[in-house]
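> Structure of the sequence below:
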Amino acid sequence: MNEPTKPKLVLRQAAPADIPKIRALTAKVYAALGSDGTYSEAQLRGHQHHFPQGQFVAVYDDAIVGYCATFRIGEALALAPHDWATITGRGYGSRHDPNGDYLYGMEVCVDPDYRGLRIGQRLYNARKQLCQRLHLKGIVFGGRMPGLNRRWSQVGSAERYVELVREGRLRDPVINFQLRNGFEPIGVLRGYLGTDHESRGFGTHMLWRNPQIAEEAEVVAAPMLPRLSLVRVACVQYQQRAVASFEEFARQVEYFVDAVADYKADFVVFPELFTLQLLSIENRHVPPAEAIAALTAYTDRIKAMLGELAVGYNINIIGGSHPTRDADGQVYNICHVCLRDGAIHEQRKLHPTPNERYWWNITGGKSMDTIMTDCGPIGVMICYDAEFPEVARHLADQGAQILFVPFCTDERQSYLRVRYSAQARAVENQCYVAMAGNVGNLPNVENMDIQYAQSCVLTPCDFAFARDGIAADTTPNVEMVAIADLQLESLVTARQSGTVRNLKDRRFDLYTVTWKESGS
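Next up is the predicted model:
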């Protein structure tokens, strides 16, 4: 008779599929501490996208019972006074510096039901091993001092409390654990985490020095996330024209996918609402809301078509956008992103324009998430969304390096609002922005009568990029394709050592944008 298999404790690198379980773990741990310290899924994506090798989970019998989040940072920032929100980029790990000479310990949490398995010890050891593998100078973090508030009347200051614990005259469960693990307190961080009432908002500035490296030794640069160093992007400036059937529409879409696949493009992006061409099949005038409702019936066929093309032509397809009725009965303007590995994702337009709301009863989505591809994390902003800087910054915080903007504009002023906004997003977030729009006319389709577009691929404005911040563009109002090769390593260089460093130089001590967790 076989004995039942004993559960095993496994420590491994965190994966995207772990995110819901990690989020549940942090909610459980911080609820036990009387604090709402739950990470959002967007923040957890940021951890993995910015520095995947620095994120660890402890798994026991298929349950995630421990989590450790880490990123790299330069010595000047690591050893200077700071607070948690500023040093971690509001919990996204977006201050990660691939050339940083210290690891920063952003988070360690352990399921209180599994405290006897020395999970915290194992996570600390994994961090030390990573530090030594990367040949870094050490590990820094701000630690809790949960006994401080209770003993405040006795010690009178956080500094005195840490001193007494270090001398062995007081005990603190967290500080003593860190001392046993070879960390030394190098100071007290005031206002480190305001929600930590047990610590009265203070943090212990802890440092572990890598014994294998001398102070003057050079560190090893870690590669950023991009799976490829060069990514080829194709933007289809798509002409709206009457079609007689869905099959004719599908042949036109396949023509462009086939063409850019021959050029070995990694991505092809179609315009917003390019599927409105399907309304010409019946070639009759119908009220706008009725027309959009009819269009939603094509959603499944469009997803299937784009998914098959993505796999068949080995290309990632940013499927413009298509009106889709959800289970709640509302119509959303949705971009279907079909990857060449067969996965299909969606991004809903957050900000319907006044015309979309009035004519088509379009409802705005409620989340903006990065999508992991074989070329790294990307984001999609549908037309008007690009005019809101908070949207692109949220995607950049999650690690996006390329933002795709399918758009649909009727005349030049409308187009330039999107174009100038997209260029600003490229500069602000030191990322690439690829735009694709419609041209041509659709008679008998309300609010889609005329089109104006000049599709393009935009870059930050610095020496590593194309002159004028334009990698490629098209002739206005002509059906054609813009193709550009994007060097992802140039983004890494610009973000860390460019003429300006918009992401790195943000003043987290002065301003912040907070995204609410919600459904899609």
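
> residue contacts, the closest residue in space to residue 468 that isn't next to it in sequence?
In space, and not counting its chain neighbours, residue 468 is closest to residue 461: 7.7 Å by Cβ to Cβ, 6 or more residues apart in numbering. C-beta: built from backbone N, CA, C; applies to glycine. By Cβ atoms under 8 Å, 6 or more residues apart in numbering, the residues touching residue 461 are 426-427, 468-469.

> same check, this time on residue 399
45-46, 48-50, 94, 225, 370, 376-377.

> Can you tell me which one of those sits lowest on pLDDT?
Minimum pLDDT for the contacts of residue 399 is recorded at residue 225 (45).

> so how far is residue 200 from residue 153?
Separation of residue 153 from residue 200 (Cβ to Cβ, to the nearest Å): 12 Å.

> Pick out whichever of the two has more residues nearby.
residue 200 (15 against 7; other Cβ atoms under 10 Å).

> Isn't that one up against residue 158?
Yes: assessed by Cβ atoms under 8 Å, residue 200 is found in contact with residue 158 at 7.0 Å.

> Any idea which helix or strand in the chain has the lowest mean pLDDT?
helix 288-295 (a mean of 80; mean pLDDT, DSSP states H and E).

> and it, how far from the chain's centre?
Put simply, helix 288-295 sits 33 Å off its chain's centre (Cα atoms, centre = their mean, to the nearest Å).

> Flag every buried residue along that helix.
288, 291-293, 295 (16 or more other Cβ atoms under 10 Å).

> With distance to residue 365 as added columns, please give those residues in TSV.
As requested, the buried residues of helix 288-295 are exported to TSV (distance: Cβ to Cβ, whole Å):
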residue	distance to residue 365
288	20
291	21
292	16
293	18
295	18
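
> tell me which of those residues is nearest to residue 327?
residue 293 (15.3 Å; Cβ to Cβ).

> from memory the closest one sits against residue 330, does it?
No: using Cβ under 8 Å, residue 293 is not in contact with residue 330; the gap is 11.4 Å.

> Mutual contacts of the two, please.
Counting by Cβ under 8 Å, 6+ apart, nothing touches both residue 293 and residue 330.

> shaky segments in this structure?
Scanning the chain for pLDDT under 70 picks out the ranges 1-7, 33-36, 214-228, 283-286, 444-448, 518-520.

> Can you show me the strands along the stretch 101-250 of the chain?
In the stretch 101-250 of the chain, the strands defined using DSSP state E, counting those that start in this stretch lie at 102-110, 138-143, 184-189, 203-209, 230-240.

> And the fourth one, how far out from the chain middle?
Which is strand 203-209. 29 Å.

> Roughly how far does residue 115 sit from residue 397?
If you go by Cβ to Cβ, the gap between residue 115 and residue 397 works out to 32 Å.

> err, residue 453, not the other one
Taking Cβ to Cβ, one finds residue 453 at 29 Å from residue 397.

> More neighbours: which of these two?
Neighbour tally, residue 453 and residue 397, criterion other Cβ under 10 Å: the higher count belongs to residue 453, 29 against 26.

> Not counting its neighbours along the chain, what's nearest the more buried one?
residue 437 (2.9 Å).

> so the one you found bridges to which residues?
In this structure, residue 437 bridges to residue 407 when assessed by DSSP bridges.

> burial measure for it, as a count.
Neighbours of residue 437 under the rule other Cβ under 10 Å: 31.

> Mark which of the contacts of residue 461 are buried, thanks.
By 16+ other Cβ under 10 Å, the contacts of residue 461 give 426-427, 469 as buried.

> Report the contact partners of the residue most central in space within the chain.
In the chain, the C-alpha nearest the mean C-alpha coordinate belongs to residue 398, at 2.2 Å (Cα atoms, centre = their mean). Contact analysis of residue 398 by Cβ under 8 Å, 6+ apart lists 42, 45-46, 49, 92, 369-370, 377, 379.

> if you set the cut-off to 10 Å instead, what comes out?
The neighbours of residue 398, taking Cβ atoms under 10 Å, 6 or more residues apart in numbering as the test, are 40-50, 92-94, 368-371, 377, 379.
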